[in-house]
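Student: below are the sequence and a predicted model; questions follow.
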Amino acid sequence: MSSEEKSVPTLRPRPVVDRLPRYAAGKPAAPVPGLEAFKLASNENPLAPLPEVLTAIAEQVAINRYPDSVATKLREKLGEYLGVPADDIVTGAGSLGGLVQILSAFAGQNDDGKPDEVIYAWRSFEAYPICVQTTGAASVAVPVLADGRHDLDGMIAAITDQTKVIILCTPNNPTGPSLTKAEVEGFLARVPAHILVVLDEAYTEFVRDPEAVDGIQLYRSYPNLVVLRTFSKAHGLANLRVGYSVSQPHITESLRIVATPFAVSTLAQDAAVVSLENIDKVLARVEELVQERNRVVAGLKKQGWDFPESQGNFVWLPLGERSQEFAQAAEKQALSVRAFGVEGVRVSIGEVEANSRFLSIAKDFVQ
C-alpha cells in the first residue's frame with residue numbers, strides 16, 4: 001500500500017472542546033468616511049498608560065531573560081498598597097489568568113469521573129463557562145434578576161454536594177451593578193466553609209457606591225474567599241496581561257502549584273509597579289472616566305432609558321430583540337459596541353466624542 005493510500009487518523013480534541021461556547025472579543029469599529037472610529041466593545045481604558053509607565057516599558061531590555069516567576073517586586077508593592085502580606089498575593093495573566101488558576105486547583109473532574117460544579121450568575125463575564133468547562137467541571141448558571149443584579153438567594157439554592165466554587169462578579173460584567181458589603185457577608189454566612197467563593201473585582205476602581213463590597217477588607221475574615229483584581233482596566237495595561245488574586249495562605253499555596261510559570265512578563269511587572277507608584281495619577285484619570293460615565297448615564301435617563309445601575313466603566317442597555325439592530329446602527333456611525341445575542345448591548349465608556357455619538361444613537365432606540 002502506497003503512502004497515499006494509507007488512512008490518515010482523525011485527530012479529535014477532548015469532547016468538551018466541541019461543547020464550549022466561543023469567546024467573542026470586541027472588535028474595532030469599521031471605518032466610516034468622515035468619522036473617527038471608536039471601539040466601545042471591550043471595556044478598555046481609552047487612555048494610554050501613564051507617561052511614567054510607558055518610560056518603564058521602553059527601558060525594559062532584558063527580554064531575553066525569564067521573568068521572576070512569582071513576581072516578587074510586584075507582590076511586595078501590591079502588599080504595601082493593599083495593606084496585605086505579599087504572600088497572600090498570586091499573580092496571573094490578567095484576572096482571567098488568576099481565575100484559571102483557581103478553577104484548576106479547586107474544580108474539575110474527580111477520580112470517579114463525576115464533575116465538580118461551579119456556580120456563577122448569568123449573564124456575567126462570558127469567559128466563565130469556557131474556563132469552568134475546560135477544567136472538566138460543570139457550569140451552574142443562575143440567571144441575574146431583572147435589575148441586572150446577582151440572584152444571591154438563587155445561587156444559594158443551587159448549591160449541591162458537588163459544588164466546589166462560586167463566582168461573584170462585582171460590578172457584574174456586562175450588566176453593571178455591584179454587590180454590597182452586607183450582601184456578600186450575608187451570602188458568605190450561608191455558604192458551606194468547604195466551598196470556595198471567588199469575588200471578581202476587575203472594575204473595583206470605578207465603583208462609587210459607598211455600600212459596595214471591598215474584597216480586601218473581607219478576605220482575612222473568610223478562609224474560603226478569594227479576591228480577583230487586574231491592571232487591565234483602571235491602569236490601562238490590558239495588553240500586558242497582569243492580574244492577581246488575594247487569599248489566605250492555605251489557598252495561595254495551591255494556586256502557586258498550578259500557576260503557569262512565567263505567566264506575567266518582567267515588562268508587565270515593571271509597568272504595574274510604576275503604575276502603583278503613581279496611583280494618585282491613575283485614580284485621577286479613573287475619576288475622569290467615572291464623570292464621563294455619569295454624563296452618559298444622565299443622558300440616557302433623560303432620554304427615558306431604564307437600565308441597571310452602572311458601577312463599571314460601561315453601561316448595559318437591555319434591548320432584547322433589538323440588540324443586533326443597535327449594534328449595526330452604531331457600526332454605521334463608526335462605533336463598535338458589544339451586543340449579546342437577544343439580551344442587550346454593553347457599551348464601554350470611551351472618549352468624549354465617542355460617548356456623545358453613542359448618546360445620539362441611543363435616543364432612537366428608547367423603548
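Tutor: All right, it came through fine.

Student: so which bits of stretch 153-168 are buried?
Tutor: Neighbour-count burial for stretch 153-168 flags M155, A158, I159, T163, K164, V165, I166, I167, L168 (criterion: 16 or more other Cβ atoms under 10 Å). C-beta coordinates here come from the backbone N, C-alpha and C atoms, glycine included.

Student: could you give the average pLDDT over it?
Tutor: Mean per-residue pLDDT for stretch 153-168: 98.

Student: got it, and stretch 245-263?
Tutor: Here the average pLDDT along stretch 245-263 is 96.

Student: same question, stretch 112-119
Tutor: 94.

Student: if you rank every helix and strand of the protein by mean pLDDT, what lands last?
Tutor: In the chain, no helix or strand scores lower on mean pLDDT, DSSP states H and E than helix 15-19, which sits at a mean of 78.

Student: so N278 touches L54, yeah?
Tutor: No - applying Cβ atoms under 8 Å as the test, N278 and L54 come out as separate, 11.5 Å apart.

Student: which of the two has more neighbours?
Tutor: N278 (16 against 13; other Cβ atoms under 10 Å).

Student: quick one, what contacts the more buried one?
Tutor: Neighbour list for N278: L50, E52, V53 [criterion: Cβ atoms under 8 Å, 6 or more residues apart in numbering].

Student: mind running it again at 7 Å?
Tutor: Contacts for N278 (Cβ atoms under 7 Å, 6 or more residues apart in numbering) come out as L50, E52.

Student: that older thread, looking at the buried residues of stretch 153-168, which two lie furthest apart in space?
Tutor: Spatial extent of the buried residues of stretch 153-168 (Cβ to Cβ) is set by the pair K164 and L168 at 14.9 Å.

Student: tell me what the least confident helix or strand of the chain is packed against?
Tutor: On a contact count with 3 or more Cβ pairs under 7 Å, 6 or more residues apart in numbering; DSSP states H and E, helix 15-19 meets helix 127-134.

Student: paired strands for the helix or strand following the helix it packs on, with orientation please.
Tutor: Sequence-wise, the next helix or strand downstream of helix 127-134 (DSSP states H and E) is strand 138-143. As defined by DSSP bridges, the strand partners of strand 138-143 come to strand 117-122 (parallel).

Student: show me what the partner strand is in contact with.
Tutor: Strand 117-122 is contacted by residues 103, 107, 128, 132, 137-144, 150-151, 155, 158-160, 162-167, 169, 172 when judged by Cβ under 7 Å, 6+ apart.

Student: again, but for stretch 36-54
Tutor: Under the criterion Cβ under 7 Å, 6+ apart, residues 25-29, 31, 173, 233-238, 271, 274-275, 278, 281-282, 285, 312-314, 334-338, 347-348, 350-351, 353-354, 358 lie in contact with stretch 36-54.

Student: list the buried ones in that stretch?
Tutor: Result for stretch 36-54 [16+ other Cβ under 10 Å]: buried residues F38, K39, L40, A41, S42, N43, E44, N45, P46, P49, L50, V53.

Student: also stretch 350-358?
Tutor: Neighbour counts using 16+ other Cβ under 10 Å place G350, A354, N355, R357, F358 of stretch 350-358 among the buried residues.

Student: am I right that the fourth one sits in a helix?
Tutor: Yes - the assignment for R357 (DSSP: H, G, I helix; E, B strand; the rest coil) places it in a helix.

Student: give the contact list for the residue nearest to V32 when sequence neighbours are not counted.
Tutor: Among residues not flanking V32 along the chain, A334 sits closest, at 4.0 Å (Cβ to Cβ, 6 or more residues apart in numbering). Counting by Cβ under 7 Å, 6+ apart, A334 makes contact with A29, P31, V32, L35, E36, A37, F38.

Student: go through the buried residues of stretch 350-358 and name the one nearest E211.
Tutor: E211 lies nearest to N355 out of these, by Cβ to Cβ, at 26.6 Å.

Student: for that closest one, give its distance to S104.
Tutor: Look at N355 and S104: by Cβ to Cβ, to the nearest Å, they are 39 Å apart.

Student: sorry, back to before: in TSV, list the buried residues of stretch 350-358 along with pLDDT.
Tutor: Below are these laid out as TSV (pLDDT from 0 to 100):
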residue	pLDDT
G350	98
A354	98
N355	98
R357	98
F358	98
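
Student: mind picking the two most distant members of those?
Tutor: Farthest pair in the buried residues of stretch 350-358 (Cβ to Cβ) is G350 and R357. Separation: 9.5 Å.

Student: in this structure, which spans are strands?
Tutor: In the chain, the strands defined using DSSP state E lie at 38-39, 89-92, 117-122, 138-143, 163-169, 196-200, 225-230, 243-246, 314-317, 335-336, 338-340, 344-348.

Student: so which elements touch the last one?
Tutor: It refers to strand 344-348. The helices and strands touching strand 344-348, judged by 3+ Cβ pairs under 7 Å, 6+ apart, are strand 314-317, helix 323-332, strand 338-340.
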